[in-house]
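*Asks:* kindly return the folded structure for what I paste below:
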Amino acid sequence: MTMPEFRPLGLDGVIEILPKKFGDDRGFFSETYNAKAFEEVGINLGFVQDNHSFSAQQGVLRGLHFQTPPFAQDKLVRVTRGSVFDVIVDIRKGSPTFAQWIGVEISAKKWNQVLVPKGFAHGFVTLEPDTEFLYKVSNYYSKECDRSIRFDDPAIGVEWPVDTADAILSDKDRTAALLTETDTGFVYEG
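*Replies:* Residues are numbered from 1 along each chain as shown. The predicted structure follows:
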(Lines give C-alpha, C1' and ligand atoms only; values in the text may rest on other atoms or scores of the structure.)
Protein backbone atom coordinates (compact mmCIF):
# COMPACT_ATOMS: atom_id res chain seq x y z
CA MET A 1 0.00 0.00 0.00
CA THR A 2 1.31 3.42 -0.94
CA MET A 3 -0.04 6.15 1.32
CA PRO A 4 -1.51 9.17 -0.42
CA GLU A 5 -1.04 12.63 1.05
CA PHE A 6 -4.08 13.98 2.96
CA ARG A 7 -4.44 17.79 3.20
CA PRO A 8 -7.28 19.36 5.24
CA LEU A 9 -8.78 22.29 3.32
CA GLY A 10 -10.16 24.39 6.19
CA LEU A 11 -13.77 23.22 6.38
CA ASP A 12 -14.56 20.43 8.84
CA GLY A 13 -13.82 17.11 7.12
CA VAL A 14 -13.11 18.51 3.65
CA ILE A 15 -9.78 17.00 2.57
CA GLU A 16 -7.66 17.13 -0.56
CA ILE A 17 -6.05 13.77 -1.31
CA LEU A 18 -3.00 13.33 -3.51
CA PRO A 19 -2.55 9.70 -4.55
CA LYS A 20 0.93 8.58 -5.58
CA LYS A 21 1.46 8.19 -9.31
CA PHE A 22 4.23 5.98 -10.75
CA GLY A 23 5.17 6.42 -14.38
CA ASP A 24 7.60 5.23 -16.98
CA ASP A 25 7.79 5.17 -20.77
CA ARG A 26 4.76 2.83 -20.90
CA GLY A 27 2.44 5.18 -18.96
CA PHE A 28 1.58 5.23 -15.25
CA PHE A 29 -0.02 3.37 -12.35
CA SER A 30 -1.87 4.94 -9.43
CA GLU A 31 -3.82 3.50 -6.53
CA THR A 32 -6.62 6.07 -6.43
CA TYR A 33 -8.49 4.61 -3.46
CA ASN A 34 -7.52 2.22 -0.68
CA ALA A 35 -9.89 1.80 2.28
CA LYS A 36 -7.03 0.87 4.65
CA ALA A 37 -5.08 4.04 3.81
CA PHE A 38 -8.18 6.15 4.49
CA GLU A 39 -8.92 4.28 7.73
CA GLU A 40 -5.36 4.91 8.96
CA VAL A 41 -6.13 8.66 8.96
CA GLY A 42 -9.57 8.21 10.54
CA ILE A 43 -11.74 8.22 7.40
CA ASN A 44 -14.08 5.24 7.55
CA LEU A 45 -16.47 5.32 4.62
CA GLY A 46 -18.26 2.60 2.74
CA PHE A 47 -18.60 3.71 -0.86
CA VAL A 48 -21.50 2.05 -2.68
CA GLN A 49 -21.64 3.72 -6.08
CA ASP A 50 -19.29 5.29 -8.63
CA ASN A 51 -20.51 8.13 -10.89
CA HIS A 52 -18.91 9.57 -14.02
CA SER A 53 -19.83 12.83 -15.76
CA PHE A 54 -18.48 14.24 -19.00
CA SER A 55 -18.63 17.92 -19.97
CA ALA A 56 -17.90 18.66 -23.60
CA GLN A 57 -17.41 22.39 -23.13
CA GLN A 58 -15.44 24.72 -20.90
CA GLY A 59 -17.74 26.66 -18.56
CA VAL A 60 -20.18 23.86 -17.74
CA LEU A 61 -21.31 24.58 -14.18
CA ARG A 62 -22.91 21.81 -12.12
CA GLY A 63 -24.18 22.44 -8.62
CA LEU A 64 -24.51 23.16 -5.85
CA HIS A 65 -25.88 19.65 -5.17
CA PHE A 66 -26.47 17.42 -2.14
CA GLN A 67 -28.83 14.76 -0.85
CA THR A 68 -30.75 15.08 2.40
CA PRO A 69 -30.85 12.37 5.08
CA PRO A 70 -31.49 9.48 5.10
CA PHE A 71 -29.76 9.37 1.70
CA ALA A 72 -26.99 11.88 2.48
CA GLN A 73 -23.75 11.14 0.66
CA ASP A 74 -20.05 11.50 1.34
CA LYS A 75 -18.28 12.04 -1.99
CA LEU A 76 -14.73 11.36 -3.14
CA VAL A 77 -14.31 13.40 -6.33
CA ARG A 78 -11.58 13.44 -8.97
CA VAL A 79 -10.90 14.39 -12.59
CA THR A 80 -9.38 11.95 -15.10
CA ARG A 81 -9.35 14.30 -18.09
CA GLY A 82 -9.35 18.09 -18.08
CA SER A 83 -9.84 20.25 -14.99
CA VAL A 84 -12.50 21.82 -12.79
CA PHE A 85 -12.84 24.45 -10.12
CA ASP A 86 -14.50 22.43 -7.37
CA VAL A 87 -16.64 24.12 -4.70
CA ILE A 88 -17.76 22.78 -1.32
CA VAL A 89 -20.24 24.69 0.90
CA ASP A 90 -21.04 23.99 4.57
CA ILE A 91 -24.84 23.59 4.82
CA ARG A 92 -25.04 22.31 8.43
CA LYS A 93 -27.36 24.60 10.43
CA GLY A 94 -25.56 25.93 13.53
CA SER A 95 -22.08 25.22 12.18
CA PRO A 96 -19.46 27.91 12.88
CA THR A 97 -18.67 27.76 9.14
CA PHE A 98 -22.30 27.62 7.91
CA ALA A 99 -22.61 28.99 4.34
CA GLN A 100 -18.82 29.27 3.99
CA TRP A 101 -17.24 27.74 0.93
CA ILE A 102 -13.90 26.53 -0.28
CA GLY A 103 -12.75 26.13 -3.86
CA VAL A 104 -9.94 23.98 -5.21
CA GLU A 105 -8.77 23.13 -8.70
CA ILE A 106 -8.97 19.42 -9.42
CA SER A 107 -7.30 18.21 -12.58
CA ALA A 108 -5.93 15.20 -14.39
CA LYS A 109 -2.55 16.94 -14.36
CA LYS A 110 -2.51 17.55 -10.59
CA TRP A 111 -4.00 14.06 -10.00
CA ASN A 112 -5.70 15.26 -6.83
CA GLN A 113 -9.01 14.31 -5.26
CA VAL A 114 -11.32 15.96 -2.72
CA LEU A 115 -13.37 14.33 0.02
CA VAL A 116 -16.75 16.08 0.42
CA PRO A 117 -18.47 14.91 3.63
CA LYS A 118 -22.19 14.70 4.31
CA GLY A 119 -23.57 18.11 5.29
CA PHE A 120 -21.83 19.95 2.47
CA ALA A 121 -23.19 21.03 -0.91
CA HIS A 122 -20.94 20.43 -3.89
CA GLY A 123 -20.49 21.83 -7.37
CA PHE A 124 -17.90 22.48 -10.04
CA VAL A 125 -17.26 24.38 -13.23
CA THR A 126 -15.16 22.96 -16.05
CA LEU A 127 -11.98 24.90 -16.82
CA GLU A 128 -11.37 23.20 -20.16
CA PRO A 129 -13.38 21.23 -22.73
CA ASP A 130 -13.75 17.44 -22.66
CA THR A 131 -13.51 17.16 -18.89
CA GLU A 132 -14.29 13.86 -17.19
CA PHE A 133 -15.32 14.00 -13.52
CA LEU A 134 -15.57 10.82 -11.44
CA TYR A 135 -16.80 10.37 -7.90
CA LYS A 136 -17.54 7.70 -5.35
CA VAL A 137 -20.53 8.12 -3.03
CA SER A 138 -21.37 6.52 0.30
CA ASN A 139 -25.12 6.23 -0.34
CA TYR A 140 -27.35 5.53 -3.30
CA TYR A 141 -29.05 8.20 -5.38
CA SER A 142 -32.52 9.18 -4.18
CA LYS A 143 -34.65 11.44 -6.36
CA GLU A 144 -36.75 12.37 -3.32
CA CYS A 145 -33.67 13.52 -1.36
CA ASP A 146 -31.87 15.22 -4.25
CA ARG A 147 -31.48 18.99 -3.69
CA SER A 148 -29.77 21.99 -5.29
CA ILE A 149 -28.80 25.44 -4.04
CA ARG A 150 -28.21 28.38 -6.37
CA PHE A 151 -24.65 28.47 -7.66
CA ASP A 152 -24.73 32.28 -7.37
CA ASP A 153 -26.46 32.59 -3.98
CA PRO A 154 -25.23 35.98 -2.65
CA ALA A 155 -25.34 34.70 0.95
CA ILE A 156 -22.65 32.17 0.01
CA GLY A 157 -20.73 34.33 -2.46
CA VAL A 158 -18.79 31.71 -4.41
CA GLU A 159 -16.14 33.40 -6.56
CA TRP A 160 -16.36 31.24 -9.65
CA PRO A 161 -13.36 31.66 -12.00
CA VAL A 162 -15.68 32.12 -14.99
CA ASP A 163 -18.24 34.72 -15.99
CA THR A 164 -21.36 33.09 -14.53
CA ALA A 165 -23.53 34.94 -17.06
CA ASP A 166 -21.92 32.70 -19.68
CA ALA A 167 -21.96 29.48 -17.62
CA ILE A 168 -23.62 26.46 -19.19
CA LEU A 169 -26.26 25.28 -16.71
CA SER A 170 -29.03 22.71 -16.48
CA ASP A 171 -32.56 24.01 -15.88
CA LYS A 172 -32.39 22.42 -12.42
CA ASP A 173 -29.30 24.44 -11.48
CA ARG A 174 -30.52 27.66 -13.09
CA THR A 175 -33.75 27.60 -11.03
CA ALA A 176 -32.40 26.19 -7.74
CA ALA A 177 -33.47 27.80 -4.46
CA LEU A 178 -31.31 29.98 -2.24
CA LEU A 179 -29.75 28.44 0.86
CA THR A 180 -32.11 30.41 3.15
CA GLU A 181 -35.06 28.87 1.27
CA THR A 182 -33.73 25.31 1.57
CA ASP A 183 -34.24 22.81 4.37
CA THR A 184 -30.92 21.00 4.10
CA GLY A 185 -31.72 18.41 6.75
CA PHE A 186 -28.28 18.86 8.34
CA VAL A 187 -27.56 20.20 11.83
CA TYR A 188 -24.06 20.80 13.16
CA GLU A 189 -23.28 18.41 16.02
CA GLY A 190 -20.00 19.97 17.17
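*Asks:* residue boundaries of the helices in the chain?
*Replies:* With DSSP state H, the ranges of helices along the chain come out as 35-40, 171-174.
*Asks:* redo the ones you listed as CSV? Include distance to residue 76.
*Replies:* No exception for glycine: its C-beta is placed from N, CA and C like everyone else's. Putting the helices of the chain into CSV (distance: least, Cβ to Cβ, whole Å) gives the following:
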stretch, distance to residue 76
helix 35-40, 9
helix 171-174, 22
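*Asks:* quick one, which of these is nearest to residue 17?
*Replies:* The minimum distance between residue 17 and those falls on helix 35-40, with 8.4 Å, by Cβ to Cβ.
*Asks:* mind checking the pLDDT average for that closest one?
*Replies:* For helix 35-40, mean pLDDT is 95.
*Asks:* now what about that helix, what contacts it?
*Replies:* Under the criterion Cβ atoms under 8 Å, 6 or more residues apart in numbering, residues 1, 2, 3, 4, 44, 45 lie in contact with helix 35-40.
*Asks:* and the residue most central in space within the chain, how far from residue 37?
*Replies:* Central residue of the chain (Cα atoms, centre = their mean): residue 122, 4.7 Å from the mean position. Between residue 122 and residue 37 the distance is 22 Å, computed by Cβ to Cβ, to the nearest Å.
*Asks:* surely residue 148 touches residue 176?
*Replies:* Yes - applying Cβ atoms under 8 Å as the test, residue 148 and residue 176 come out as touching, 3.7 Å apart.
*Asks:* output the below-cut-off pLDDT ranges for this protein.
*Replies:* Low-confidence segments of the chain, defined by pLDDT under 70, are located at 1.
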